[in-house]
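Peer 1: Predicted model, plus sequence, below.
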Amino acid sequence: MGKWLVGLAGLALLVVVGWLLFSDSDHALDAALDQRVETADAQAAQTVRAAQSPAGEDRRIEAIEAQPLPGDVAGPASGEPAGEGVSVLVVDVRGHPVPEVPVDMHGLGEFAASDVDGLVIFAGAPLDARPEVGPGWALLGWGVPVAVPDADTMLVVSSRVDLSGRVLDTQGAPIADAKVELNSYRALRALPFVIDQLHLEQVFESAVTASDGSFRLDQVPGSSSLQLVAKAAGFVTRQLPCPERDSFDLRIELASTAPPVQRDDRPAVKVTGTVVNSAGEPVSDAAVCWWGMGFGAAPRTGELGDFALELTGPPEPDALLAARAEGLGLVVEPQAAALILESWPEAPAPFLLRFPAEPLAIRGRLTSSEGEPTSGWTVKLLGGTVVTPGFLSSDSALEGEVSATTDDQGRFALVGLDQRPYDLVAFENSSGAVDRLENVEPSSRELEWILPEGANLADLHGVVVTTDGAPLEGATITVNSVTTWIQTGGSSMASFFEAGSSTTDAQGRFTLEQVPQQFAKLGVVAPVGTRVEPPQLDLDEVDFSEELRIEVPFLRPVAIEVTDGSGADVGGRVLMIEVHDSWGEALQLRTFTANGSSGMTRMSWAGRSYSHVWTSELAVEVVLLELIDGAFEEVDRSPVVFGSDGMAKVLLTAP
């Protein structure tokens with residue numbers, strides 16, 4: 001039986017996410033990691049270093065020696081001198097080489113300028129030295145370039161600029177106390193090239209406007225890939241590209257937010273209409289779905305195809321009106337919301353929903369690699385449809401509309417689709433075998449789907465150790481085949497079934513028999529009371545021919561104190577705490593009970609002035625957020641430095 005996993009993401013997105021750093025980059029980063037694994041020594045065991053992603057599920061995988069030195073920390077590269085010298089490539093956020101940038105890789109204040117190709121050569125410089133750039137330049141990030149043979153490390157830089165201007169409303173009146181911010185991290189989440197072991201330099205600058213709306217930002221990174229964000233209470237937040245040269249007459253106009261719709265005692269607005277077939281004949285017992293809520297409990301049309309839906313408030317501009325009927329498929333009215341808002345609060349004219357002559361479908365035949373037909377396999381959409389972008393492709397949401405079971409000939413049909421590409425997944429619960437097809441469009445032709453040899457199943461052997469090399473006995477290892485994954489708005493959803501499980505022995509070793517090599521995730525559940533942060537891994541990135549070494553970080557206590565700056569308590573304010581790793585992603589904050597542990601990536605502070613949390617030893621920064629104008633905004637951040645006692649102490653201010 002499938003299990004459901006629902007994660008609300010108001011987070012820095014478990015995937016991101018993707019999904020180690022950013023939505024588009026985690027596929028490129030995964031490819032880079034694949035390349036590093038393939039070129040590692042053939043005898044080296046795989047070691048998995050847990051580095052949590054936005055979704056909390058994917059981890060960085062590195063191929064290193066089976067017994068790493070205690071305290072080894074991944075830096076921009078190996079930390080070894082590079083023989084004749086180390087080449088450094090200096091680029092901007094678009095990946096273009098930048099000449100004449102002073103660079104220091106020794107930490108001695110001795111700079112050498114990049115040449116016309118953006119290259120600088122340093123004799124014997126260690127690659128894990130923290131780079132510096134000279135005055136007038138901002139270092140945004142650095143790491144190991146992928147597929148750039150002439151460079152050992154790469155720096156992402158931007159020139160610094162001075163900015164000033166005014167924030168005004170659309171009538172030209174100044175807006176006082178508006179905030180103008182620049183955050184380099186947003187741009188670095190979308191680098192158009194791949195850097196392995198990327199380190200981010202968080203550059204965050206902000207200014208508050210004076211009574212005449214004026215502001216000034218001195219020596220901030222200047223790049224049109226970075227965004228200036230202007231926001232003020234009662235106005236719509238605006239983003240615009242940062243100028244690439246000094247600018248002293250910037251004019252930022254903010255539109256006033258529309259006044260909220262006042263609800264009154266008038267009865268709900270009725271949305272009425274008729275559902276007909278392609279010949280114009282009424283269709284009875286058709287389910288009519290409003291607002292993307294699925295057809296499970298949707299009202300049905302009467303004998304004349306008539307329907308009525310009640311609205312107690314105006315719809316969202318992108319809301320949809322749709323109908324589904326057995327044998328006829330799906331029909332959508334995308335302009336429904338616009339027409340309703342146009343007549344609001346009066347009822348709109350009745351709608352006419354007409355089914356197409358031939359319902360769009362994906363029909364096909366699923367066979368084994370030997371050409372034998374499959375039977376009893378489930379075939380479904382990996383994501384939702386246009387009507388249910390935030391709902392799982394399951395019977396409860398779409399009444400089987402996008403899910404089918406192969407017959408004795410291996411045939412299936414997914415009916416009632418929109419005219420767009422879909423990703424399909426086929427799986428067999430009894431064996432755990434899973435396969436996928438991407439970018440399949442509805443067509444009148446039958447799809448021939450041939451499963452890979454062995455149905456992607458293989459044995460997996462591994463070992464789980466802590467970062468000091470000690471085996472983790474009694475950890476539960478599970479493999480779950482993911483059959484649906486949807487991310488939309490602030491939510492992410494997945495469905496999956498368990499394809500195998502095992503428990504580590506006294507040496508931390510485990511064996512998983514005949515589990516999927518693709519489209520599945522491996523999870524590690526630590527023994528009760530163990531103070532470690534267990535990872536979840538994507539099996540697509542694991543080499544089944546070698547022993548998988550999973551290295552789990554210890555959980556460490558972080559003592560946090562929050563005051564208003566004068567030492568007073570911060571009671572009565574809505575505050576949240578996040579702890580980030582070096583990639584800027586939120587880590588789990590753990591609590592422990594006799595029955596195990598539970599985690600969250602954001603914890604409410606609830607007015608406490610002092611407390612402590614357990615989090616991964618990979619933590620580098622604590623971020624304090626406050627609810628302002630209906631949204632959480634950052635008000636302070638502080639680095640995490642663990643002492644010899646394994647604890648870190650952090651002081652945060654909420655002015």
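Peer 2: Right, received. Where do you want to start? Numbers count the residues shown, from 1 in each chain.
Peer 1: where does the stretch 401-550 of the chain dip in pLDDT?
Peer 2: By pLDDT under 70, the low-scoring segments of the stretch 401-550 of the chain are 401-402, 416, 418-419, 454-455, 482-497, 528-529.
Peer 1: Next, please give the residue ranges for the strands of it.
Peer 2: In the stretch 401-550 of the chain, the strands defined using DSSP state E, counting those that start in this stretch lie at 403-405, 411-415, 422-428, 433-440, 447-450, 457-466, 476-488, 491-503, 509-516, 520-525, 536-538, 548-552.
Peer 1: Please name whichever of these is nearest to Glu253.
Peer 2: strand 476-488 (30.8 Å; C-beta to C-beta). (C-beta placed from N, C-alpha, C; glycine too.)
Peer 1: returning to that earlier point: most tightly surrounded among the strands of the stretch 401-550 of the chain?
Peer 2: strand 548-552 (a mean of 24; mean count of other C-beta atoms under 10 Å).
Peer 1: and Asp150, how many neighbours does it have?
Peer 2: 9 (other C-beta atoms under 10 Å).
Peer 1: Could you list the domains of this structure?
Peer 2: With domains defined by automatic domain parsing, the chain comprises 13-63, 269-354, 361-451, 555-653.
Peer 1: Lowest mean pLDDT across the ones you listed, which one is that?
Peer 2: Lowest mean pLDDT within the domains of the chain: domain 13-63, a mean of 32.
Peer 1: wait, which of the strands of the stretch 401-550 of the chain is closest to Asn277?
Peer 2: Short answer: strand 411-415, nearest of these by C-beta to C-beta, at 15.1 Å.
Peer 1: which stretches of this protein form helices?
Peer 2: With DSSP state H as the criterion, the chain has helices at 25-38, 184-188, 336-343, 395-398.
Peer 1: neighbours around Val283, how many?
Peer 2: Val283 has 21 neighbours, counted by other C-beta under 10 Å.
Peer 1: Kindly report the same for Glu316.
Peer 2: Glu316: 11 neighbours (other C-beta under 10 Å).
Peer 1: now Leu366
Peer 2: Residues near Leu366, counting by other C-beta under 10 Å: 24.
Peer 1: Phe554 now?
Peer 2: 17.
Peer 1: That one and Glu617 touch, don't they?
Peer 2: Yes - using C-beta atoms under 8 Å, Phe554 is in contact with Glu617, at 4.9 Å.
Peer 1: which neighbours do the two share?
Peer 2: Thr467 (C-beta atoms under 8 Å, 6 or more residues apart in numbering).
Peer 1: Show me what the longest strand seen in the chain is packed against.
Peer 2: Longest strand in the chain, counting residues (DSSP state E): strand 153-169. Secondary-structure packing of strand 153-169 (3 or more C-beta pairs under 8 Å, 6 or more residues apart in numbering; DSSP states H and E): strand 86-91, strand 137-145, strand 214-221, strand 247-254.
Peer 1: Give the pairing partners of the longest one; include direction for each.
Peer 2: Applying DSSP bridges to the sheet, strand 137-145 is found paired with strand 153-169 (antiparallel), strand 195-200 (antiparallel).
Peer 1: Out of those, which gets the lowest mean score?
Peer 2: strand 195-200 (a mean of 60).
Peer 1: Pretty sure Leu228 is one of the things Lys179 touches, is it not?
Peer 2: No - counting by C-beta under 8 Å, Lys179 stays clear of Leu228, with 10.8 Å between them.
Peer 1: Settle it for me: which of these two has more neighbours?
Peer 2: Leu228 (21 against 18).
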